[in-house]
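Chemist: The following block contains a protein sequence and its predicted model.
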Amino acid sequence: MHNPLPAEVRRLGMWCHLAGLSWLTFFIFPVPYLWLLAPYLVWKLNREVHPFVDEQGKEALSFQVSMAVYLTASLLIAVFLLLVTCGVVIGTFTAQSPVASNAMMGLNIVLGIGFVVVLLITPTLLVIRAARKALNGEIYRYPMNLRFFG
């Protein structure tokens, strides 16, 4: 099957998505939300090449911003739950029932690990899938994408 899009256009569409994997650099350069810069730059520098690159770049950037929103919200929820569990928000909860407090702390840890798995592994798999689709010249739409950029 012959794809009507030139190979260079398809590769640029793929790189728009793969730039989202720059979150892995957080372990080297721990600057929050720095990973948003790479997809933005790939899209901004190449959006005029072809409408396919512009469309996939906006989709990829919107997805990364959506993930930043979800990550921020889940971190705020996790911190709130930790404060509640430790009794900072609800007075003397821990002093009144240390067993319940330990159980709540354990539950928060399990939920926290679950959030990390969902918010790091799932988007990585979706980015890889989107990059493969773009390389094949197919338009890809991320699930749960807020689409900030059109």
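Modeler: It's in.

Chemist: How many residues are close by residue 13?
Modeler: 33 (other Cβ atoms under 10 Å). The C-beta positions use only the backbone N, C-alpha and C, and glycine is treated the same way.

Chemist: My understanding was that it contacts residue 53; is that so?
Modeler: Yes. Using Cβ atoms under 8 Å as the test, residue 13 is close enough to residue 53 to be in contact (5.4 Å).

Chemist: tell me the mean pLDDT over stretch 112-127?
Modeler: The average pLDDT for stretch 112-127 rounds to 83.

Chemist: what about dumping the CA coordinates of it to PDB?
Modeler: Coordinates of each C-alpha in stretch 112-127 appear next as PDB, following Å, rounded to 0.1, in the frame of the first residue of the first chain:
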ATOM      1  CA  GLY A 112       0.300   6.800  45.100                       C
ATOM      2  CA  ILE A 113       2.200   4.000  43.300                       C
ATOM      3  CA  GLY A 114      -0.900   3.300  41.200                       C
ATOM      4  CA  PHE A 115      -1.000   7.000  40.100                       C
ATOM      5  CA  VAL A 116       2.700   6.900  39.200                       C
ATOM      6  CA  VAL A 117       2.200   3.700  37.100                       C
ATOM      7  CA  VAL A 118      -0.900   5.100  35.300                       C
ATOM      8  CA  LEU A 119       0.600   8.600  34.700                       C
ATOM      9  CA  LEU A 120       4.000   7.400  33.500                       C
ATOM     10  CA  ILE A 121       3.700   4.100  31.800                       C
ATOM     11  CA  THR A 122       0.300   4.500  30.100                       C
ATOM     12  CA  PRO A 123       1.300   7.900  28.400                       C
ATOM     13  CA  THR A 124       4.600   6.400  27.300                       C
ATOM     14  CA  LEU A 125       2.800   3.500  25.600                       C
ATOM     15  CA  LEU A 126       0.300   5.900  24.000                       C
ATOM     16  CA  VAL A 127       3.100   8.100  22.700                       C
END
